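> make a model of this:
(chains A and B, ligands or ions: 1)
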Amino acid sequence: MAQSLDRLRESPSQTAGPYVHIGLTPNFGGIGCVYPTDLGATMVNDKTKGERIGLRIRVLDGTGTPLKDALIEIWQADADGLYNSPAEPRGTADPNFFGWGRCPTDMDTGLCAFETIKPGRVPFNDGRLMAPHITLWIVARGINLGLHTRLYFSDEEKANAEDPILARVEHRLRVPTLIAERQGDMYVFDVHLQGEKETVFFDS
Amino acid sequence: MPAESGSTRRPETGAFFQRDRTWHPPALTPNYKTSVLRSPQKAPLSFDNTLSEIAGPVFGHAMLGELDADLIHNFARPGESALGERILVYGRVLDERGVGVPGALLEFWQANAGGRYRHKRDGYLAPLDPNFGGCGRTITGEDGFYAFRTVKPGPYPWPNGPNDWRPSHIHFSVFGHGFAQRLITQMYFEGDPLIWHCPIVRGIPDKAAIETLIATLDMQATIPFDARAYKFDIVLRGRRASRFENRLEGN
Ligand SMILES: [Fe+3]
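Now for the predicted structure:
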């Protein structure tokens, strides 16, 4: 036996279950008197810089049925491509943009609506710019480990074509699963958990 | 909105250790039936963290209310308290290097002492407790330490097999320092025989991994004539030396 590295192991994940609203969006879930607002419910204010956009996201199961008990978190850079995070080495992000939002899927329609801004471009590890994108993290009953993916924008064709992450998708037919379609000032994005149109999920 | 970070330490900017997916439950765990149609079947796209995964939101203590970490009282009528076995849950949030994670936002939720959730989709016949909501939150201190007060949740039956019961558990949601550390898990209670029957727990392939989710009774940390204590540590992904600064940072 050699020496131990003295490393711990990550706590194993467990599903968020059907009652995730109690913990993460209690006001939405009907518990209105504990926190003043649900965390992540509002992403922009009057002073936030950048183009206002709406996201309409659904999560569909293997039969194509929208999940009505999922919860989506999004994480993105500001309009200049800076993250509001201590780990951002390049400068200070817009103080009026936190960059993180949280939305439960509607209990009747399965729709998640975010009002946010179009993010700027963030550099890849070799300095090339990635296309504008929003990181998604999805949890629900029946999902054992939170699912990580990205939302790119259909009207950023040139940037998408040179994006180093999209370039790594081996089966090119699957690239569109990561691209939200612009409809007016809204982007529509369906996440498919399974099947022919299964979204490309990330291990990163 | 942006707030003070929980720490005076210099922020770390390295990528996170590769996640050991064999340690987590796989996406498809057929004995947990809901996973069958909700589990991705194609291989995930692997790449080293970019800044989008390395960075993450930071939550400040300023957002916390006085009773956020006291589930016995945060939903109760004035002068009243929740029914059930009073417990203190405490521990540390660490990363895989064994380093405490300060400023980590923890959110927790649970059923009441009878095993009933305050949720419109929970129809279990056990009664609601008018003094128990079931949610709480806190932010870890400088060494990653946290604590909160609650009542021990009851086990409950759930529609999966004809007679499946969840062991007593508390759901935990954790934010570390990078979005790639994001984790939701559940805490179980030492000595509960239902743990080893539960299809959700048993989705975790390794018994040693399951044991890391079982909180230990700590009689030395009890509050005499008030509450017993359970210790529960949570481990997030570790961090490599930074790409942006050419020096080793604690690993
Ligand atoms: Fe539960």
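> can you give me the helices in chain B?
B:51-54, B:207-211 (DSSP state H).
> I meant to write chain A there.
Counting by DSSP H, the helices of chain A are A:20-24, A:157-161.
> indicate which one of the ones you listed is closest to chain B.
Ranking these by proximity to chain B (CB to the nearest CB) places helix A:20-24 first, at 2.9 Å. Where you see a C-beta, it was placed from the backbone N, CA and C, and this is true even at glycine.
> is that closest one positioned near chain B?
Yes: on the criterion CB under 8 Å from any CB of the partner chain, helix A:20-24 is in touch with chain B at A:20, A:21, A:22, A:23, A:24.
> and the average pLDDT for that helix is what?
Mean pLDDT, computed over helix A:20-24, is 98.
> show residues contacting that helix.
A:16, A:28-31, A:38-39, A:69, A:71, A:102, A:104, A:139-141, B:107-109, B:117-119, B:133-135, B:171, B:173, B:184 (CB atoms under 8 Å, 6 or more residues apart in numbering or on different chains).
> out of those, which end up buried?
A:16, A:28-29, A:31, A:38-39, A:69, A:71, A:102, A:104, A:139-141, B:107-109, B:117-119, B:133-135, B:171, B:173, B:184 (16 or more other CB atoms under 10 Å in any protein chain shown).
> of these, which belong to strands?
A:71, A:102, A:104, A:139, A:140, B:107, B:108, B:109, B:135, B:171, B:173, B:184 (DSSP state E).
> now, which of those residues sits nearest residue B:92?
Ranked by distance to residue B:92 (CB to CB), these are led by residue B:108 at 15.1 Å.
> any idea how many residues pack against the nearest residue to residue A:7 once chain neighbours are set aside?
Nearest residue to residue A:7 in three dimensions, chain neighbours excluded: residue B:96, at 5.2 Å (CB to CB, 6 or more residues apart in numbering or on different chains). Residue B:96 has 20 neighbours, counted by other CB atoms under 10 Å in any protein chain shown.
> identify the residues contacting residue B:96.
A:7, A:8, A:9, A:10, B:17, B:235, B:236, B:237, B:238.
> count residues in the vicinity of the residue nearest to the fifth one when sequence neighbours are not counted, would you?
To tie it back to what came earlier, the one meant is residue B:17. Spatial nearest neighbour of residue B:17, excluding adjacent residues (CB to CB, 6+ apart): residue B:238 at 4.4 Å. By other CB under 10 Å, 22 other residues sit near residue B:238.
> verify the stated contact: residue B:238 with residue A:5.
No: judged on CB atoms under 8 Å, residue B:238 makes no contact with residue A:5 at a distance of 10.4 Å.
> so which of the contacts of residue B:96 are in strands?
Using DSSP E, the contacts of residue B:96 in strands are B:235, B:236.
> filter the contacts of residue B:96 to the buried ones?
A:8, A:9, A:10, B:17, B:235, B:236, B:237, B:238.
> return the closest of those with respect to residue A:182.
Out of the buried ones among the contacts of residue B:96, the member with the shortest distance to residue A:182 (by CB to CB) is residue B:237, at 34.5 Å.
> contact partners of stretch A:51-64?
A:44, A:66-67, A:70, A:72, A:74, A:79, A:103, A:105, A:110-118, A:134, A:136, A:138, A:140, A:151, A:180, A:185-195, B:36-38.
> let's go with 7 Å and repeat that
A:44, A:66-67, A:70, A:72, A:105, A:110-118, A:138, A:180, A:185-195, B:37-38 (CB atoms under 7 Å, 6 or more residues apart in numbering or on different chains).
> do stretch A:11-18 as well
Counting by CB under 7 Å, 6+ apart, A:69, A:71, A:139-146, B:23-25, B:121, B:171, B:183-186, B:200, B:204, B:209, B:212-213, B:234-235 sit against stretch A:11-18.
> how about 8 Å then?
For stretch A:11-18, using CB under 8 Å, 6+ apart, the contacting residues are A:24, A:69, A:71, A:139-146, B:23-25, B:32, B:35, B:119, B:121-122, B:171, B:173, B:183-186, B:200-201, B:204, B:209-210, B:212-213, B:234-236.
> so what sits opposite the residue nearest to the spatial centre of chain B in the bridge?
Taking CA atoms, centre = their mean as the criterion, residue B:172 is the residue nearest the geometric centre of chain B, at 2.2 Å. Bridge pairing for residue B:172 (DSSP bridges) gives the partners residue B:108, residue B:185.
> chain center to stretch A:105-118: distance?
12 Å (CA atoms, centre = their mean, to the nearest Å).
> list the buried residues of it.
For stretch A:105-118, by 16+ other CB under 10 Å, it's A:105, A:110, A:112, A:114, A:116, A:117, A:118.
> so which residue is dead centre in chain A?
residue A:136 (1.8 Å).
> isn't that residue up against residue A:148?
Yes: counting by CB under 8 Å, residue A:136 touches residue A:148, with 7.2 Å between them.
> hey, where'd the strands end up in chain A?
Using DSSP E, strands in chain A cover A:52-60, A:70-75, A:100-104, A:112-117, A:133-140, A:147-153, A:179-183, A:186-192, A:202-203.
> who wins for proximity to residue B:91 among these?
Residue B:91 lies closest, by CB to CB, to one member of the strands of chain A: strand A:133-140, at 21.9 Å.
> dump the C-alpha coordinates for the closest one into PDB.
This file holds the C-alpha atoms of strand A:133-140, laid out as PDB (Å, rounded to 0.1, in the frame of the first residue of the first chain):
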ATOM      1  CA  HIS A 133     -24.700  31.000 -23.600                       C
ATOM      2  CA  ILE A 134     -26.600  30.300 -20.400                       C
ATOM      3  CA  THR A 135     -25.800  27.400 -18.100                       C
ATOM      4  CA  LEU A 136     -28.800  25.300 -17.100                       C
ATOM      5  CA  TRP A 137     -29.100  23.000 -14.100                       C
ATOM      6  CA  ILE A 138     -32.200  20.800 -13.900                       C
ATOM      7  CA  VAL A 139     -33.600  18.800 -11.000                       C
ATOM      8  CA  ALA A 140     -36.900  16.900 -10.500                       C
END
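> quick one: mean pLDDT for it?
Mean per-residue pLDDT for strand A:133-140: 98.
> run me through the strand neighbours of that strand, direction for each.
Applying DSSP bridges, one finds strand A:133-140 paired with strand A:70-75 (antiparallel), strand A:147-153 (antiparallel).
> JSON lines please, covering those strands and showing distance to residue B:150 and mean pLDDT.
Listed next are the strands paired with strand A:133-140 as JSON lines, based on distance: least, CB to CB, whole Å; pLDDT from 0 to 100:
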{"stretch": "strand A:70-75", "distance to residue B:150": "22", "mean pLDDT": "98"}
{"stretch": "strand A:147-153", "distance to residue B:150": "29", "mean pLDDT": "98"}
